[in-house]
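Novice: Sequence plus the predicted model coming up.
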Amino acid sequence: MHMPGVSRSIFTLVVFLMLALAPQTASAEPRASAFKLSNGMEVIVIPDHRAPVVTHMVWYKVGSADEPKGTSGIAHFLEHLMFKSTDKIAVGDFSKIISRLGGEDNAFTGQDLTAYHQRIAKDRLRTLMEMEADRMVNLRLTDDEVATERQVIIEERRSRIDNNPAARLDEQMSAALYLAHPYGIPVIGWAHEMAKLSREDALKFYKRYYAPNNAILVVSGDVTPEEVKKLAEETYGKIPANPDVDTRNRPQDPPHAVPRRLTLKDPRAGNASFHRYYMVPSYVTGKPGEAEALEVLMKIVGDGATSRLYRSLVVDKKVAATARGGYSGSSLDSGTISLYAVAGAGVEDLKTVEEAVDAVLDDVRKNGVTELELQRAKKSLTADFIYQSDNQATLARQYGWSATIGRSIADVEGWPDALAKVTADEVKKAAATYLDAKNSVTGWLLPEAEDDGKGAGSSTTEQPAVHTRS
Amino acid sequence: MHQMSMSRACDMHASGRPLLMLSFCGHGVRSAVRQIGGSATVLSAAFALLFFASTSLPANAMKIQTVKSPGGIEAWLVEEHAVPMMAMRFAFDGGSAQDPDEQEGVSNFLSAMLDEGAGDLKSSEFQDRMEDLSMRMNFEDAKDAFYGNFETLSQYRPEATEMLKLALTKPRFDADAVERIKQQLMASLAYAARDPNRVAQNAWYATAFKGHPYARPASGTEASLGKITGAELEAYRKRVFAKDNLKVVAVGDITPEQLGKMLDDVFGDLPEKAELAPVSITDPVAGAQQNVVDMNVPQSVAVFGMGAMPRRDPDFIPAFVLNQILGGGGFASKLMEEVREKRGLAYSVYTYVYPFRHASVFSGGVATRNDMMGKSLDIIRQELQKMADGDLKQEDLDNAKSYLTGAYPLRFDTNAKIATQLLGLRMDDFDPSYIEKRNALIEAVTLDDLKRVAKRMLNTDNLIVTIVGKPELEQPKAKGG
């Protein structure tokens, strides 16, 4: 539809047994169960017997934020290389075998995690688990394979970032948002560092982090915990724990003293647009209830055509074609609030748009939200949670993602209750505390000719002290 | 507007900051679907996969009932009372092919207007009410049809049903709301005009279907949107939203009796007959072409393609299996093997076969750095030619069949997906039993069928290529390379 899709927090999930949008839902039986194998591998099972298929995922508790300095992109590169070969599987055959079994597979890398996933008929689950267990420790790589695949990730970078002005601005803004923390480094990597990533870099990273005691198995669909336990013990369970597996130890940001601001000029930018990020607590770093309050806050401020931003900028003042904001709290070390607005026709100066956004934020900081807004937001977030429970693959992602950042099944399934407890005062306090310019980056994307004449646009930072570390 | 449409298969940015991409689905490209671009085409491409997904009973105990309302409206229903919600999907034949001349984009515009106020409820009141009812309702236009998606929790079904009815039968089209959405669509156009993927897709269809409604951009142009007011939106709605071109399916917590009543409530007041303009059956233009749209980007995007078999052609299923082998099967496909795995030329390369109502296409795409575009296209042409010349192995066929038949149940594991599958079958006038027969149709394809179809479809003398970027190209060879 006309509103750009902003993905909702991953915690908006589950629970089939919730019969209504009422607080008593908490008493619903747990949907998922969790246990550990003797080698330390965590297992989560989420039964859904409506169709004879399963979703199988293995999550490693390592992501781009764990990369050694100067090797940005190695987590994601390794994820690609995991599809090469082992003693048992010939080069490139992993996906082909899954395909012949009638399954589908893929993988993804985030800042805090790397995940491999397949969907397949339930009677083929064992084969798939054998294959995934095999490549957990038996990956083989040749220099040629690495060189070829490196070209692929560089093309991927061009597709996702270099060809896309908004993505280029995002990359610069993220780099400016963090002073020390590696969340400022793009998951896909900086181009100049990607070009140097080697087989040794990949294998070193692999050996350091890929082990059963650093992994979480998630199976959803037409299975029981007992079935999965048996299969997991016979496959992953055979792999010894690696006592040397590295734990995450990342540099953290110092307090931020000044707001940052950037402008990217790119003739391909479309209408001028305003963007802002705030560094805020996540579900992991926030005090109890803070992340939930931020969730409610941004639902009210920025989600969809009923939000304050949209109503103010698009409907009333007519300075923006669209306006949106959201909270993302599912990261280990920090959450993010992000906002954007695309200038409307006839808006000469993006400053008009920025001032309108700031007026909305100032108001909520000073005056908080109404009881009606609060109740609507909670109801709407809870409804999302219920709708999403229709999809076993979505559930597997939600439980798995949460587990990689240390959230328990009770945390996941208790989310509607935690949400229900949020008060209007807490939302106001969250706004007043965390919509703090000092923790923000403001970005302007302007459809103008670049300054340097090189054709790829240019960017300037007015706070040049802030940039990347790597 | 600035959503970075990360591919569907890795649509998990749930995780990261909402507006940005946080994680990368590295291994990447699963199917053509995600490559296709604009929302409408994504939807239609999703439907393209429908028929090919099946064994006899994909979902445990899935039973398709045919329901006829007291007022005579027919729907397919799968009852599923385990969860207190239901999904309804419906479509009106029509779509952007019914946009009048000089009003290109009117159906797309309409799809964004139906939650902008209806009956006594103005835009913001309507949207507040939708939120209060926790309902989901959205609309999308494709080339041949106008689609509606509706989901509600059981406790609010009567109220949500009323909202759906209002949206379809009494949209207000208040001037300020029309203007607001127009501005959004214009901003989208401005952005898409610089997105190499969108430009390449649009340019390909404009070339391949020159003079036919399929050539026109579904999201319109600045000029056409400028001319559209509430009157044009209402005229399209009146012409296209009718009973005789309506297909409905429902899945979830609702009985046949309840559904019958709901059908009459929602659709009963629509006119009996749609007034659709005739759209001619056509084919992509004959003859090889290679056109470049100049854009200053580091990576060029190419879309290539030609005509394919209509859905009811006996060679359609073989063509679909052939596509699976060639470029529709993700990492199991030849093009992925040759272009990406062996040579590292691209992150994504794919093909699909899509039977539109009035023309069928075989098409694909590749994105690669400017200086490698010529080489990548050469390889793609060679692979097409090899298949046309009969270079196909029994093993390839067996593998493709094994995937296509085995993966069928994956398309029936959620209520929403079941609804989408069923609607696709209805749109092509199949009956529910098709689901049970479908795998046998795939299994029946022989190597000779594949070779015959490859020769018939993959005629590189008719390959139309559009490239956006600053590609370095050799002159296309006389026989399409």
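Specialist: Happy to help now that I have it. The shown structure was predicted, so the numbers you read here are calculated from the model rather than taken from an experiment. Numbers count the residues shown, from 1 in each chain, chains lettered A, B, ... in the order given.
Novice: residues in contact with the helix or strand harbouring A:Asp201?
Specialist: Element membership for A:Asp201 (DSSP states H and E) is helix A:199-209. Residues from elsewhere that reach helix A:199-209 (CB atoms under 8 Å, 6 or more residues apart in numbering or on different chains): A:60-62, A:66-68, A:71, A:74-75, A:77-78, A:81, A:139, A:141-143, A:146, A:244-246. (Each C-beta comes from the backbone N, C-alpha and C, glycine too.)
Novice: near chain B too, which of those residues?
Specialist: Among the contacts of helix A:199-209, the residues that sit close to chain B (CB under 8 Å from any CB of the partner chain) are A:Phe77.
Novice: Derive a PyMOL selection command for the buried subset of the contacts of helix A:199-209.
Specialist: The buried residues among the contacts of helix A:199-209 can be selected in PyMOL (16 or more other CB atoms under 10 Å in any protein chain shown) with this line:
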select buried, chain A and resi 60+61+62+66+67+71+74+75+77+78+81+139+141+146+245
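Novice: Keep only those of the contacts of helix A:199-209 that are in strands.
Specialist: A:Tyr60 (DSSP state E).
Novice: Residues of the stretch 151-300 of chain B that sit close to chain A?
Specialist: Residues of the stretch 151-300 of chain B lying near chain A (CB under 8 Å from any CB): B:151, B:153, B:155, B:176, B:180-181, B:183-188, B:190-196, B:295-299.
Novice: Could you list every helix and strand in contact with the host helix or strand of A:Leu294?
Specialist: According to DSSP H and E, A:Leu294 maps onto helix A:290-302. Here helix A:290-302 touches helix A:308-309, strand A:320-328, strand A:335-343, helix A:350-367, helix A:371-388, helix A:415-420, helix A:424-434, going by 3 or more CB pairs under 8 Å, 6 or more residues apart in numbering or on different chains; DSSP states H and E.
Novice: now with 10 Å?
Specialist: Contact partners of helix A:290-302 among helices and strands, from 3 or more CB pairs under 10 Å, 6 or more residues apart in numbering or on different chains; DSSP states H and E: strand A:273-280, helix A:308-309, strand A:320-328, strand A:335-343, helix A:350-367, helix A:371-388, helix A:415-420, helix A:424-434.
Novice: right, is the third one up against chain B?
Specialist: Read that as strand A:320-328. Yes. Counting by CB under 10 Å from any CB of the partner chain, chain B is contacted by strand A:320-328 at A:320-322, A:324-328.
Novice: name the helices or strands packed onto that strand?
Specialist: Looks like strand A:320-328 contacts strand A:273-280, helix A:290-302, helix A:308-309, strand A:335-343, helix A:350-367, helix B:175-192 (3+ CB pairs under 10 Å, 6+ apart).
Novice: burial count for A:Asn242?
Specialist: 18 (other CB atoms under 10 Å in any protein chain shown).
Novice: List the residues that contact it.
Specialist: A:39-40, A:137, A:207-214 (CB atoms under 10 Å, 6 or more residues apart in numbering or on different chains).
Novice: mind checking how far it is from A:Pro255?
Specialist: For A:Asn242, the distance to A:Pro255 (CB to CB, to the nearest Å) stands at 37 Å.
Novice: May I have the secondary structure class of the residue of chain A found nearest chain B?
Specialist: At 1.6 Å from chain B, A:Gly102 is the closest residue in chain A, using CB to the nearest CB. Assigned state for A:Gly102: coil (three-state reduction, DSSP: H, G, I helix; E, B strand; the rest coil).
Novice: Same check on B:Glu104?
Specialist: coil.
Novice: Pretty sure it sits against B:Pro213.
Specialist: Yes. B:Glu104 is in contact with B:Pro213 according to CB atoms under 10 Å; the separation is 9.0 Å.
Novice: coming back round to it: return the residues in contact with the residue of chain A closest to chain B.
Specialist: Contacts of A:Gly102 (CB under 10 Å, 6+ apart): A:53, A:119-121, A:124, B:55, B:401-410.
Novice: measure it to A:Arg119 for me?
Specialist: 10 Å.
Novice: what residues do those two have in common as contacts?
Specialist: Joint contacts of A:Gly102 and A:Arg119 (CB under 10 Å, 6+ apart) are A:53, B:407, B:409-410.
Novice: Between these, which sits nearest B:Glu234?
Specialist: For the shared contacts of A:Gly102 and A:Arg119, the closest approach to B:Glu234 (CB to CB) belongs to B:Leu410, at 41.0 Å.
Novice: so how many other residues sit close to the closest one?
Specialist: By other CB under 10 Å, the burial measure for B:Leu410, its neighbour count, is 21.
Novice: likewise the one 5 residues further on?
Specialist: For B:Asn415, the neighbour count with other CB under 10 Å is 25.
Novice: And it, how close does it get to A:Ile120?
Specialist: Applying CB to CB to B:Asn415 and A:Ile120 gives a distance of 21 Å.
Novice: Thanks again, I'm all set now.
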